[in-house]
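Q: Fold the following for me, if possible:
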Amino acid sequence: MRILIYSYNYYPELIGIAPLMTELAEGLTKKGHDVRVLTAMPWYPESTIYPDYQGKIYAQEERNGVKIYRSFVWATPKRSFINRAMFEASFAFLSFWQGLKFWSPDIILLTVPGLPVCIPAFFLSKIYNCPIVLNLQDILPDAAVHVGLLTNKKLIKVFSFLEKFAYKTATKISVIADGFIDNLVKKNVSKDKIVKIPNWVDIDFIKPVSRENSSFIKENDLQNKFIVLYSGNIALTQPVEILIKVADKLKHLENLTIVIVGKQEALERLEKLRQKLNCDNVLLKPFQPREKLPEMLGTIDIGMVIQKSNVIDFNLPSKIPVLMASGCAIIGSVPESGTAAKAIKISDGGVLVPPEDVNALALKIEELYHQKSNVLIMGEKGRSHAQKFYSFDMALEKYENLFESLK
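A: The predicted structure follows:
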């Protein structure tokens, strides 16, 4: 089949949906399909176009058999209504013309976020007479409104219209969790239109690693440490500063190190708090190259999933399957009724604490610090759960079957 993946994010971006879409595109290519990607110049999570791609309107490249068509996107770290509108409009407009340059696809896989791109995707589907599979990674604008990212009433109306348009024009909608299905059905989307395909992890790539074989451990002198790690986005919905405050309460625990991995701008803010509280048991690191992820994730004791209390219940962080596959125990500082909490509980690979509760999180980490055998057991259960429910091969087969059914 000729498959067009239409996504804001793709390699070399390291977090979010980029690794997922990269693995999917390359996996489908290995299966013999002709896969092409419409995407932006790399910009996430720094909100700045990567140096090698600056000054370009369009770029074309090939990686592991996938042809990648990139277009300029208005990206700036400064948050404002105008900048967000420019971001959405620039990608929607410029990527459309890229989509006219090549062969006629049999299927368009469109990822959300974001919503405005559903308009050029619709026109491309009409031009090429092919179906759209809408891949929902988040429910917009609900999620953005709920956490305060989207407050302009006129803009909310525009995004609500685009949401309805995206659902109406999609032939099928793939969702990553049951909570998405409930939300869509309440919005009068036919259940027959919805297919659940959870996000995945490459369990042959992300797996437990001995500390003796980890350059990450050696470079950071973590050989004999009990390691609690948070790696990922540090933004409005992830109050990661709570971990610095927890570290302050746990200074009495010898050999405990809390490692936070994120983008440089966010780390600079956390460093100020770390210095203020004089926390020598905190290590702040920038995002690691993809090839080093197994050496980092596969050697930790506890992986953190952190959300604010106002995160709505259908959001499922992609880091959960990744942490499970790495063989570490998980602590979820997340709303108890949410999809993230359900995923952790079902796996038996972790424990939950109330979100934004410094004392509860500190007590739970100290408890597990003294129960290392339980930590190992949870890690093994999480790894087993990932192998059973989040394997890439399983997800790839489901997407392939879905696409075949629409030919």
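Q: Identify the residues contacting Ala360.
A: Val353, Pro354 (C-beta atoms under 8 Å, 6 or more residues apart in numbering). In this view, the C-beta of every residue, glycine as well, is placed from N, C-alpha and C.
Q: My read is that Val112 contacts Ile132, right?
A: No - here Val112 lies out of contact with Ile132, judged by C-beta atoms under 8 Å, at a distance of 11.1 Å.
Q: Any stretches of the stretch 51-200 of the chain with poor pLDDT?
A: Applying pLDDT under 70 to the stretch 51-200 of the chain flags residues 141-152.
Q: let's see 80
A: By pLDDT under 80, the weakly predicted segments of the stretch 51-200 of the chain are 79-81, 102, 113-114, 139-156, 159.
Q: just the stretch 201-350 of the chain next, same as before
A: For the stretch 201-350 of the chain, the stretches flagged by pLDDT under 80 are 235-238, 310-316.
Q: all helices of the stretch 251-400 of the chain, in order?
A: Using DSSP state H, counting those that start in this stretch, the helices found in the stretch 251-400 of the chain span residues 264-277, 293-297, 319-326, 339-347, 358-369, 372-389, 392-405.
Q: Check which helices and strands the longest one is in contact with.
A: Right, the one you point to is helix 372-389. Packing contacts for helix 372-389, counted by 3 or more C-beta pairs under 8 Å, 6 or more residues apart in numbering; DSSP states H and E, involve helix 319-326, strand 329-333, helix 339-347, strand 350-353.
Q: What lies in contact with the shortest one?
A: Spelled out, it's strand 350-353. For strand 350-353, the external contacting residues (C-beta under 8 Å, 6+ apart) are 305, 329-334, 336, 341, 344-345, 360-361, 364, 368, 378, 382.
Q: pull the CA atoms of that strand into PDB?
A: Listed next in PDB are the C-alpha coordinates belonging to strand 350-353 (Å, rounded to 0.1, in the frame of the first residue of the first chain):
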ATOM      1  CA  GLY A 350       3.600   0.500  39.900                       C
ATOM      2  CA  VAL A 351       1.900   2.500  42.600                       C
ATOM      3  CA  LEU A 352      -0.100   5.700  42.800                       C
ATOM      4  CA  VAL A 353       0.000   8.800  44.900                       C
END
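Q: buried residues in it?
A: Residues Gly350, Val351, Leu352, Val353 are the ones in strand 350-353 that count as buried (16 or more other C-beta atoms under 10 Å).
Q: Next: the longest one.
A: For helix 339-347, burial by neighbour count (16+ other C-beta under 10 Å) applies to Thr339, Ala340, Ala341, Lys342, Ala343, Ile344, Ser347.
Q: okay, these in TSV with distance to Val201 next?
A: Shown next, in TSV, are those (distance: C-beta to C-beta, whole Å):
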residue	distance to Val201
Thr339	16
Ala340	15
Ala341	19
Lys342	18
Ala343	12
Ile344	15
Ser347	12
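Q: The closest residue in space to Met304 that isn't next to it in sequence is in what secondary structure piece?
A: In this structure, Met304 finds its nearest non-sequential neighbour in Tyr230, 4.1 Å apart by C-beta to C-beta, 6 or more residues apart in numbering. Tyr230 is located in strand 226-231, with elements delineated by DSSP states H and E.
Q: now that strand and helix 372-389, what's the angle there?
A: Here the directions of strand 226-231 and helix 372-389 differ by 40 degrees (axes from the mean of the first three to the mean of the last three C-alpha atoms, to 10 degrees).
Q: Which strands border strand 226-231, and is each parallel or antiparallel?
A: As defined by DSSP bridges, the strand partners of strand 226-231 come to strand 256-262 (parallel), strand 302-306 (parallel).
Q: Let me know which of the ones you listed is tucked in deepest.
A: Stretch with highest mean neighbour count among these: strand 302-306 (a mean of 25; mean count of other C-beta atoms under 10 Å).
Q: May I have that strand exported as PDB, CA atoms only?
A: Only the C-alpha atoms of strand 302-306 are listed here, as PDB (Å, rounded to 0.1, in the frame of the first residue of the first chain):
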ATOM      1  CA  ILE A 302      11.700   4.000  39.700                       C
ATOM      2  CA  GLY A 303      10.200   5.800  36.800                       C
ATOM      3  CA  MET A 304       8.000   8.800  37.500                       C
ATOM      4  CA  VAL A 305       4.800   9.800  35.700                       C
ATOM      5  CA  ILE A 306       3.600  13.200  36.900                       C
END
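Q: Quick one: residues in contact with that strand.
A: Under C-beta under 8 Å, 6+ apart, the answer for strand 302-306 is 227-231, 238-240, 242-243, 297, 317, 319-320, 323, 326, 328-334, 340, 344, 350, 355, 365, 368, 375.
Q: let's go with 6 Å and repeat that
A: For strand 302-306, the external contacting residues (C-beta atoms under 6 Å, 6 or more residues apart in numbering) are 228-230, 238, 240, 317, 323, 328-334, 340.
Q: what distance separates that strand from the middle of the whole chain?
A: In terms of C-alpha atoms, centre = their mean, to the nearest Å, the centre of strand 302-306 is found 14 Å from the chain centre.
Q: Quick one: work out the angle between it and helix 358-369.
A: Using the same axes, to 10 degrees: strand 302-306 against helix 358-369 is 160 degrees.
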